[in-house]
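Colleague: Just need the structure, nothing else, for what follows:
(chains A and B)
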Amino acid sequence: MKNRALCIALLTVSCFATALEPLHRGDYQQVLDQQPRPLLVVLWSVDCPPCYDELAALGRLYQDGEALPVVLVNTDTLRSSDDVAATLQRHNTDALPNYQFADPIPARQRREIDPNWYGELPRSYLIEEDSTQGHSGALTEERLRQWLQSLPDDKSQHSF
Amino acid sequence: MSYRALACLTLTLLAMSSTVSAHSAHSHNTNMACENRIAPACGQAPTPAFDRDGKLWWVWYQQDHIRVQQQGGHPRIVNPEPEVVDDQGEDRPQIAFGPDNQIYLLWTQKPDKPWTGHIRFSRSLDGGNSFSEPVTINDDRRTIAHRFPAMVVNDNGELFLVWVDKRDQQNAKDAGQDYVGAALYYTHSKDHGASFARNLRLAAHSCECCRLAMSIDERGLPVILYRQVFTGGIRDHALIRFQDATTPQPVERASDDQWQLNGCPHHGPALAMDGNRRHQLWFTAGKKRQGLFYQRSNDAPIKLGGAAAAHGQVAVLGDTVALVWKDLDDWDRSVIRLKLSRDGGAHWAHVRTLLHTRNGSDHPLLISNGEQIFLAWRTDDEGNQLVAISGEHQ
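Modeller: Just a heads-up that it's a prediction; the model follows:
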């Protein structure tokens, strides 16, 4: 009985745990290689109110049962992962693949991702077999839905 | 089974097998030396300043308290009640001195709700032996964002404070309306911080996630440079001058970069007034220009560094104008670059690299003791570094 209670407690606790992986220098390409194409990568920060709008939109899509080819990357090197995980849970985006910048020099992680990105957030990349497009600023739910709907039957280039 | 439940179950199984968990908090300065030690270099964003006698002081946040220390002296606690304080590079505890070396401290308290803050103030009239009970400066007391405070003191001892405030945005939200960005709120004190005038809104629709820059003009009045959200979501810069301490002049545009962004630059400007001349540094990724830029009054902007150039500062001392910023070198190190003018910003020497580090670091700061300009930079590996940049006669 005691064991069962412990087990339930463990289950409950871990349901609130977000799998938030540290993203070290050199990891980014490997993360991309594990994912299908097309893929949407969204970089965000706890200190970025417009990022919350985009997280919320992704969270709603996820709850609607959409299969989301999305990877989220939090750029708050100095933040505790608890703060980041709490924000992800609040927006129902905690079950997506989630990473957090772990290199002590965020600028070089940014350069690894895109040498022409200045660090503004949210920053999104639409990655296809042979192309990558970057976009700065929050993507609306409508735009995300349009993009998702175009995925199954359209093998041509997509765009933001 | 829903995706969420499935994910939850998967997570549970993984968590039970101890293979997945949120990785531990990122930390800096948590070496043994800082666990049992209270020192400026143990803060995340220690800020130095010279007092009116040229003595060096530090303010920093460590273990729930704002700490102040004169170089070579002992650390003092400013706020007896512990509080959580923002001490990231862009929003950090501030220190300034009055004409008789009154010490003024300003910081953002972080309530236990994301993206909120209160502007807090304390002073010492006895050279840092005792501090007044901290007061909350924002007269809107809701747990919403009041953040990114800046403070300057003029030679008469008048104290000017400005910060980013979301009270108008919250009011709009409560009324079911949209409100772009935040607002700039301001107050001042004519009695050395004993009391403050009522909060005054200086501008609506400022950027909600960028530090502000404030300097003093030739009349002893504040000049504020900040990122404004202009029509169409253009996040360029604006300038506010004052007619007198209670009367701001209309907002002027200070950069025309056409940066349309529904997002956060996380990158505020820097400003130093030199009489009536303006030296400004700012960052943009606009249609018209991209990167870190310097501009003297209405001269043409000068680009500084490449895509990684960030967090610039400017200081003026006599005819010397110093610009520093953080950059990334070809070996992936963080470096501090310097660009120097000896004739008030008319001509510039080649860019020099002052310091570098292979690990984490704070933003660079510039301070002056009236004879020299110094770069201050905290790095995880090297600690607090202070480098004399230039004497007036060097």
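Colleague: Just the buried positions in stretch B:311-324, please.
Modeller: Within stretch B:311-324, the residues scored as buried using 16 or more other CB atoms under 10 Å in any protein chain shown are B:311-317, B:320-324. From N, CA and C alone the C-beta is placed, and that goes for glycine too.
Colleague: Quick one: those as CSV, columns for secondary structure and distance to residue B:333 too.
Modeller: Formatted as CSV, the buried residues of stretch B:311-324 follow (DSSP: H, G, I helix; E, B strand; the rest coil; distance: CB to CB, whole Å):
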residue, secondary structure, distance to residue B:333
B:311, strand, 16
B:312, strand, 18
B:313, strand, 19
B:314, strand, 23
B:315, strand, 24
B:316, strand, 29
B:317, strand, 29
B:320, strand, 27
B:321, strand, 26
B:322, strand, 22
B:323, strand, 20
B:324, strand, 16
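Colleague: which of those residues lies closest to residue B:209?
Modeller: residue B:311 (13.9 Å; CB to CB).
Colleague: what residues are up against the closest one?
Modeller: Taking CB atoms under 8 Å, 6 or more residues apart in numbering or on different chains, we find residue B:311 in contact with B:89, B:267, B:325-326, B:363-364.
Colleague: Tell me the spacing between the residue nearest to residue B:249 when sequence neighbours are not counted and residue B:202.
Modeller: With CB to CB, 6 or more residues apart in numbering or on different chains as the criterion, residue B:249 has its nearest non-adjacent residue at 4.8 Å, and that residue is residue B:241. According to CB to CB, to the nearest Å, residue B:241 stands 11 Å off from residue B:202.
Colleague: wait, isn't residue B:151 in contact with residue B:93?
Modeller: No: Residue B:151 lies out of contact with residue B:93 (CB atoms under 8 Å); the separation is 10.4 Å.
Colleague: rewinding a little: any residues in contact with both of residue B:241 and residue B:202?
Modeller: Contacts common to residue B:241 and residue B:202, judged by CB under 8 Å, 6+ apart, are residue B:248.
Colleague: Let me see the ranges of the helices in the chain.
Modeller: Assuming you mean chain A. A:2-15, A:28-33, A:49-63, A:81-90, A:106-113, A:141-149 (DSSP state H).
Colleague: should've been chain B
Modeller: B:3-16, B:32-35, B:167-174.
Colleague: Now do the last one against helix A:49-63, angle only.
Modeller: Between the direction of helix B:167-174 and that of helix A:49-63, the angle (axes from the mean of the first three to the mean of the last three CA atoms, to 10 degrees) works out to 30 degrees.
Colleague: Can you tell me which helices and strands helix B:167-174 packs against?
Modeller: strand B:182-189 (3 or more CB pairs under 8 Å, 6 or more residues apart in numbering or on different chains; DSSP states H and E).
Colleague: Now list whatever residues contact both of residue B:151 and residue B:93.
Modeller: residue B:106.
Colleague: Of the two, give the one with the bigger neighbour count.
Modeller: Shown here are residue B:151 and residue B:93; by other CB atoms under 10 Å in any protein chain shown, residue B:93 has more neighbours (25 against 21).
Colleague: doesn't residue B:119 make contact with the more buried one?
Modeller: No: contact criterion CB under 8 Å: residue B:93 and residue B:119 do not qualify, at 11.4 Å.
Colleague: Look up the residues that both of the two are in contact with.
Modeller: Common neighbours of residue B:93 and residue B:119 (CB under 8 Å, 6+ apart) are B:106-107.
Colleague: Dump stretch B:111-130 to PDB, keeping only the CA atoms.
Modeller: Provided in PDB are the C-alpha atoms of stretch B:111-130 (Å, rounded to 0.1, in the frame of the first residue of the first chain):
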ATOM      1  CA  PRO B 111       7.600  39.000  -7.300                       C
ATOM      2  CA  ASP B 112       6.900  35.300  -7.700                       C
ATOM      3  CA  LYS B 113       5.100  35.700 -11.000                       C
ATOM      4  CA  PRO B 114       6.900  35.800 -14.300                       C
ATOM      5  CA  TRP B 115       7.500  39.100 -16.100                       C
ATOM      6  CA  THR B 116       6.500  41.300 -13.100                       C
ATOM      7  CA  GLY B 117       8.500  43.700 -11.000                       C
ATOM      8  CA  HIS B 118       8.500  46.600  -8.600                       C
ATOM      9  CA  ILE B 119      11.000  49.500  -8.600                       C
ATOM     10  CA  ARG B 120      12.700  49.800  -5.300                       C
ATOM     11  CA  PHE B 121      14.800  52.600  -3.800                       C
ATOM     12  CA  SER B 122      17.000  53.100  -0.800                       C
ATOM     13  CA  ARG B 123      19.700  55.700   0.200                       C
ATOM     14  CA  SER B 124      22.500  56.200   2.600                       C
ATOM     15  CA  LEU B 125      23.400  59.600   4.000                       C
ATOM     16  CA  ASP B 126      26.300  58.400   6.100                       C
ATOM     17  CA  GLY B 127      28.700  56.900   3.600                       C
ATOM     18  CA  GLY B 128      27.200  53.500   3.500                       C
ATOM     19  CA  ASN B 129      27.000  52.800   7.200                       C
ATOM     20  CA  SER B 130      23.200  52.700   7.200                       C
END
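Colleague: Check the gap between the nearest residue to residue B:167 once chain neighbours are set aside and residue B:197 for me.
Modeller: Distances taken as CB to CB, 6+ apart put residue B:140 closest to residue B:167, at 4.1 Å, once the chain neighbours are dropped. Distance of residue B:140 to residue B:197, computed by CB to CB: 15 Å.
Colleague: go on, residue A:89?
Modeller: Distance from residue A:89 to residue B:197, by CB to CB: 42 Å.
Colleague: More neighbours: these two, which one.
Modeller: residue A:89 (16 against 13).
Colleague: still on that earlier bit, most widely separated two among the contacts of residue B:311?
Modeller: B:267 and B:364 (13.7 Å).
Colleague: quick one: which of these two has more around it?
Modeller: Taking neighbours as other CB under 10 Å, residue B:267 and residue B:364 compare with residue B:364 leading, 26 against 23.
Colleague: list the contacts for the residue nearest to residue B:166 when sequence neighbours are not counted?
Modeller: Spatial nearest neighbour of residue B:166, excluding adjacent residues (CB to CB, 6+ apart): residue B:145 at 4.0 Å. The contact partners of residue B:145, taken as CB under 8 Å, 6+ apart, are B:115-117, B:164-166, B:182, B:208.
Colleague: Roughly how far does the residue nearest to the spatial centre of chain B sit from chain A?
Modeller: Closest to where the C-alpha atoms of chain B average out (CA atoms, centre = their mean) is residue B:90, at 4.4 Å. Distance, residue B:90 to chain A, by CB to the nearest CB, to the nearest Å: 8 Å.
Colleague: How about residue B:267?
Modeller: For residue B:267, the distance to chain A - CB to the nearest CB - is 7 Å.
Colleague: so the nearest residue to that residue once chain neighbours are set aside bridges to which residues?
Modeller: Excluding its sequence neighbours, the residue lying closest to residue B:267 (CB to CB, 6+ apart) is residue B:283, at 4.3 Å. Beta-bridge pairing for residue B:283 (DSSP bridges): residue B:292.
Colleague: Pull up the gap between residue B:283 and residue B:72, please.
Modeller: Residue B:283 is 36 Å from residue B:72, by CB to CB.
Colleague: how deep is the residue nearest to residue B:167 tucked in, by neighbour count?
Modeller: Should you count by other CB under 10 Å, residue B:140 turns out to have 16 residues around it.
Colleague: re the thing from before, report the contact partners of the residue nearest to the centre of chain B.
Modeller: B:148, B:210-211, B:266-268, B:363.
Colleague: Over to it: give its phi and psi.
Modeller: Main-chain torsions, residue B:90, degrees, to the nearest 10: phi -80, psi -30.
Colleague: Please name the residues that touch the most centrally placed residue in chain A.
Modeller: Nearest residue to the geometric centre of chain A (CA atoms, centre = their mean): residue A:72, 1.0 Å. Under the criterion of CB under 8 Å, 6+ apart, the contact list for residue A:72 reads A:41-44, A:55, A:58, A:88, A:93, A:96-99.
Colleague: partner residues bridging it?
Modeller: Bridge pairing for residue A:72 - DSSP bridges - gives residue A:42, residue A:98.
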